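Asks: Sequence and computational prediction follow.
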Amino acid sequence: MCCLYALAARLRICLFAISPAVFAAETESPDAALGFAATTPNTTSPQTSAPTGMVWIPGGEFSMGSEESCESLCAQPGVTRDAQPIHRVYVDGFWMDATEVTNEAFAIFVQATNYVTVAERAPRAEDFPGAPPENLVAGSIVFTPPDRPVQLTNHYQWWNYCKGANWRHPLGPASDLKGLRNYPVVHVAYEDAHAYATWAGKRLPTEAEWEFAARGGETGRLYPWGDEFAPGGKQMANTFQGKFPLNDTGADRFAGIAPVAQYPPNAYGLYDVSGNVWEWCSDWYRPDYYATLAGAVARNPAGPESSFDPLEPKEKKRVHRGGSFLCTNEYCTRYMVGTRGKGEVSSGANHLGFRCVKSPANK
Ligand SMILES: [Ca+2]
Ligand SMILES: [Ca+2]
């Protein structure tokens with residue numbers, strides 16, 4: 001089991017560490033003080049009706065990123081540092097899936113194409129030289145709450161590489177999709193999400209498109225619905241309540257993952273852009289990317305040329321957005337709309353999914 005665990009660390013588990021302050025000095029910029037300027041959505045409408053399950057995002061110009069003051073909303077440091085400086089961005093209009101892609105939708109894709117996800121394939125020995133053959137087993141990462149209080153400095157204490165876990169068996173081989181038709185598909189690697197999107201005649205959103213859409217036309221709000229996490233006591237997203245990672249009380253009605261669209265949509269009609277499952281974006285991840293865009297309006301930015309995460313410099317990572325049912329103000333407050341996540345491209349987990357976009361001209 002120890003060896004399996006070690007392989008898992010190389011395979012996938014290492015991907016959900018939060019980002020501490022190691023690169024703060026690299027990303028600080030005077031521009032961060034400029035803050036948010038008004039969002040100016042485009043006024044043009046699409047010439048065709050909405051594709052099934054998608055809503056129109058008009059695009060336009062907006063301020064992207066997160067203010068350093070939001071650090072106070074998370075008990076762990078660093079939640080905003082890779083989301084600075086706040087900078088001005090323009091994106092064209094596009095269609096976006098109103099919800100995270102569901103198990104039902106993904107099953108239709110798999111049935112039509114016989115697609116096999118990364119988590120269903122045994123890791124190849126040539127990709128992991130030196131790994132004992134018995135450890136080259138197909139599987140994925142499953143959140144497993146520890147049975148006693150733990151320090152939040154070591155995420156291995158609540159992530160477990162589970163043989164046989166994949167989108168069909170989200171909690172391991174003994175689990176299945178009964179009753180989960182309308183839940184987000186999980187355990188999808190980047191190439192799985194990309195394959196689905198291509199099959200569907202869609203694509204994955206850029207990070208800028210994702211944030212423009214999630215903000216719903218608002219300017220500089222903390223959350224897709226406003227600045228108060230639970231306005232009037234009303235829970236607006238599926239996150240984690242209670243003592244992380246021990247006990248999710250489910251005070252927001254769901255302990256763990258929820259079916260899609262159980263909370264109010266944002267102003268553009270998007271459900272669960274905050275919480276439930278993280279969502280893949282097409283951009284490579286770099287914590288200093290925003291600094292390269294500051295000072296002008298970035299038009300349809302598509303991310304840096306390559307990936308670089310100082311925490312794990314050898315891993316190729318793309319951006320995740322929106323946080324998940326595991327996000328909490330004790331550890332990872334990345335349900336805040338301007339904050340960023342990241343993940344190694346071949347790695348899925350049971351809190352990571354995606355949604356797709358489509359440009360009117362099929363860009
Ligand atoms: Ca919850
Ligand atoms: Ca989500």
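Replies: On my side now, so go ahead. Ligands and ions are numbered 1, 2, ... in the order given.
Asks: from here on, contacts and neighbour counts on C-alpha atoms
Replies: Will do.
Asks: which element is the nearest residue to Val277 once chain neighbours are set aside on?
Replies: Nearest in space to Val277, with sequence neighbours left out and distances taken as CA to CA, 6 or more residues apart in numbering, is Ser324 at 4.3 Å. Secondary structure from DSSP states H and E places Ser324 outside every helix and strand.
Asks: ditto for the one 10 residues further on
Replies: Counting by DSSP H and E, no helix or strand carries Arg334.
Asks: nearest residue to it other than its sequence neighbours?
Replies: Counting by CA to CA, 6+ apart, Arg334 lies nearest to Gly323, which is 4.9 Å off, once chain neighbours are set aside.
Asks: returning to what we had before: the residue nearest to Val277 - how many residues pack around it?
Replies: Neighbours of Ser324 under the rule other CA atoms under 10 Å: 29.
Asks: So Ala112, which state does it fall into?
Replies: Using DSSP: H, G, I helix; E, B strand; the rest coil, the structure places Ala112 in helix.
Asks: Report pLDDT for it.
Replies: We have a pLDDT of 98 for Ala112.
Asks: How about Cys70?
Replies: For Cys70, pLDDT reads 88.
Asks: separation between it and Asp147?
Replies: According to CA to CA, to the nearest Å, Cys70 and Asp147 sit 31 Å apart.
Asks: and the two? which has more neighbours close in?
Replies: For the pair Cys70 and Asp147, the greater number of neighbours falls to Cys70 (17 against 11), based on other CA under 10 Å.
Asks: The more buried one in helix, strand or coil?
Replies: Assignment for Cys70 (three-state DSSP): helix.
Asks: Check whether the residue nearest to Val277 really touches Ala237, as I assumed.
Replies: No. Ser324 is beyond contact range of Ala237, at 9.1 Å (criterion: CA atoms under 8 Å).
Asks: Mutual contacts of these two, please.
Replies: Any residue near both Ser324 and Ala237 by CA atoms under 8 Å, 6 or more residues apart in numbering counts here, and that gives Ser274, Gly275, Asn276.
Asks: So which of those residues is the closest to ligand 1?
Replies: The shortest gap between ligand 1 and any of the shared contacts of Ser324 and Ala237 belongs to Asn276, at 7.5 Å (CA to the ion).
Asks: show me what contacts that closest one?
Replies: By CA under 8 Å, 6+ apart, the contact list for Asn276 reads Ala237, Asn238, Thr239, Ile257, Ala258, Val260, Gly323, Ser324, Phe325, Leu326, His351.
Asks: same question, Pro46
Replies: Pro46 sits in contact with Trp56, Pro360, where contact means CA under 8 Å, 6+ apart.
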